[in-house]
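Participant: no sequence for this one, just the structure:
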């Protein structure tokens, strides 16, 4: 996923994830079990999860977006994400934050998602 640059040159609009944390891959796999009800692709491959930040105390902060602000499940999807991450062994707490900055775009999808949706 390419990261857009913020107002200050070199400042990413999307905060980097803590990919080196031992829980990171399991959190990603859990996110892959959540699907956008309108698109037959999981929210990770759609690029809806912007940041997975995991503290040394195993508190997981997830920043996510939706394909469109008017998405009918806007109020529910953060709960779906928390519900699949919270039970993971070792996770102390999960916080899911919704953002629309930067706005989601099709370029944020993984190659797998593009292929499944017929864009490749």
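Facilitator: Nice, thanks for sending it over. These figures come from a predicted structure and were not determined experimentally.
Participant: any idea what the most centrally placed residue in the chain is bridged to?
Facilitator: Closest residue to the average C-alpha location of the chain: residue 49 at 1.0 Å, with Cα atoms, centre = their mean. Beta-bridge partners of residue 49, counted by DSSP bridges, are residue 64.
Participant: wait, isn't it in contact with residue 31?
Facilitator: Yes: under the criterion of Cβ atoms under 8 Å, residue 49 makes contact with residue 31 at 5.3 Å. No exception for glycine: its C-beta is placed from N, CA and C like everyone else's.
Participant: which neighbours do those two share?
Facilitator: 43, 62, 81 (Cβ atoms under 8 Å, 6 or more residues apart in numbering).
Participant: and the gap between the closest residue in space to the first one that isn't next to it in sequence and residue 41?
Facilitator: Leaving aside its sequence neighbours, residue 43 sits nearest to residue 34 (Cβ to Cβ, 6 or more residues apart in numbering; 4.9 Å). Remark: distance between residue 34 and residue 41 (Cβ to Cβ, to the nearest Å) = 11 Å.
Participant: and stretch 64-77, what's buried?
Facilitator: 64-67, 71, 77 (16 or more other Cβ atoms under 10 Å).
Participant: please enumerate the helices of this structure.
Facilitator: 24-31, 43-46, 77-85, 111-116 (DSSP state H).
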